[in-house]
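Enquirer: Give me the fold of what follows.
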Amino acid sequence: MKQYLSCLFLVLSLCSFGQKVDLNHGTVQSSNYYEELDFEWVNNKIVVVVELANKPYRFILDTGASNIISKELDKQLRPTMISTMSVFDTNNTQDSLKVVSVDKLKFGNVIFEDTYTLVYDFKNSPVWGCFEVDGFIGSNMLRNSIVQIDLKNRKIRLTDNRKKLNLNRKYSSKIELMGIQSSPFVWIDIAGEERGKEQVLIDTGADGLYDLALGSFLKFRDEDIFGEIGESTGASTIGMFGSAELSKHFKLHLPSLKINRLQVADYTVITNNDDYSKIGSELLKYGFVTIDYVNKRFYIDPESEKVRADRADFGLNATLNKRKLIVGFVWDTELKGKLKYGDEIVSIDDSAVNICDIVRRKPFSDNKRDTLKLEVKDKEEGNVFEIVIQKKTAPSIIEK
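Expert: From the prediction side, this is the model:
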């Protein structure tokens, strides 16, 4: 789960699962159903209310993940134990999680039965605990449904019959459901002087519009598609099991990104450690998004078919380490002699850093200001100093 365009702090990335337990288990009790449900929009996350054992709980709808419940819910519900499995997060950090079968989960008036679900310790997570949620709805549960997300009106439309939705096939493309949790993948078009295609995960849990895997970029690097703005050694993504290891990544200019009929010009992207690229929840800002798992179609009905991305940013990314906000990557050449990976950001515009406030609201990364004053503690010397950083527009192409 990542945001790159004007983001000082790079938040969260959800699990990718690739082991032996097939999580595509469970059924929908209803047929020919249609539900229209409200949701909250919390820091680019879709937060919905579900019902378990006749009680309401807050879940994040994340098509890049499997169903997950908290350890507390596991103790309350006592679902049937299935197995344990090894899980890799987006940083390829591995841990073992319990797999259970949740008897009944009610989403609106639709009841999902016997859904295989992972168990995760949200409460003790320095990041996920800030969202105050009890679990995730993932693609393994949604694989027999059609999900339309209307960000403008904060509505989710859930059905198993596409005729109940106003869908235009010209705005759609094919979905391929992959793996043990029916992860939805689609093809997108990328172009500079030359053109290319990439198959990407539709991940509503990811913050960005297009999150580019480092391995994918390296395959495209010899082609004249991306312009290299800069490179930096550091870390910024936070997975389910902690921060990424120190590594070199690239900040890139992509002249044209096309998702179905939506064409985004001048997009700035930073590579990440994941095994595959993603399109994330920023796509919802451009129009209705419909993921038709039943008929394997993906729709984006944009308000405008051609848009230009805002490429201005503050020239660095930040991340969490041991419950502290630190500098993750430094991209601006003027800042590289002043800031480095691991320096602690103590305050922003004279306000002390509150981790949960940053995680939930992005109080400084989504602002409209052109400058920010940071109070920074040097990781080596321990000296505290102030620095003013300025929002700049990256050159379209520095080198190819």
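Enquirer: could you pull out the helices for the stretch 101-250 of the chain?
Expert: 139-142, 214-220 (DSSP state H, counting those that start in this stretch).
Enquirer: how about those helices in CSV, adding distance to residue 254 and mean pLDDT?
Expert: For glycine as for every other residue, the C-beta is placed from the backbone atoms N, C-alpha and C. Shown next, in CSV, are the helices of the stretch 101-250 of the chain (distance: least, Cβ to Cβ, whole Å; pLDDT from 0 to 100):
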stretch, distance to residue 254, mean pLDDT
helix 139-142, 26, 98
helix 214-220, 10, 95
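Enquirer: Could you find the closest non-adjacent residue to the residue most central in space within the chain?
Expert: Geometric centre of the chain, nearest residue: residue 206, 0.8 Å, by Cα atoms, centre = their mean. Closest residue to residue 206 apart from its sequence neighbours, by Cβ to Cβ, 6 or more residues apart in numbering: residue 280 at 3.1 Å.
Enquirer: The one you found against residue 203, yeah?
Expert: Yes: using Cβ atoms under 8 Å, residue 280 is in contact with residue 203, at 5.3 Å.
Enquirer: Who has more neighbours out of the two?
Expert: residue 203 (31 against 25; other Cβ atoms under 10 Å).
Enquirer: What's the local residue count around the residue nearest to that one when sequence neighbours are not counted?
Expert: The shortest distance from residue 203 to any non-neighbouring residue, by Cβ to Cβ, 6+ apart, is to residue 64 (3.1 Å). The tally of other residues near residue 64 (other Cβ under 10 Å) stands at 27.
Enquirer: quick one: secondary structure of residue 64?
Expert: coil (DSSP: H, G, I helix; E, B strand; the rest coil).
Enquirer: So residue 272 versus residue 98, what's the distance?
Expert: 28 Å (Cβ to Cβ, to the nearest Å).
Enquirer: quick one: which of these two has more around it?
Expert: Set side by side, residue 272 and residue 98 show more neighbours around residue 272, with 27 against 17, by other Cβ under 10 Å.
Enquirer: doesn't residue 215 make contact with the more buried one?
Expert: No: with contact defined as Cβ under 8 Å, residue 272 does not count as touching residue 215 (10.0 Å).
Enquirer: buried ones in stretch 53-73?
Expert: 57, 59-70, 73 (16 or more other Cβ atoms under 10 Å).
Enquirer: Please apply the same query to stretch 214-230.
Expert: Buried residues in stretch 214-230 (16+ other Cβ under 10 Å): 214, 216, 217, 220, 225, 226, 227, 229, 230.
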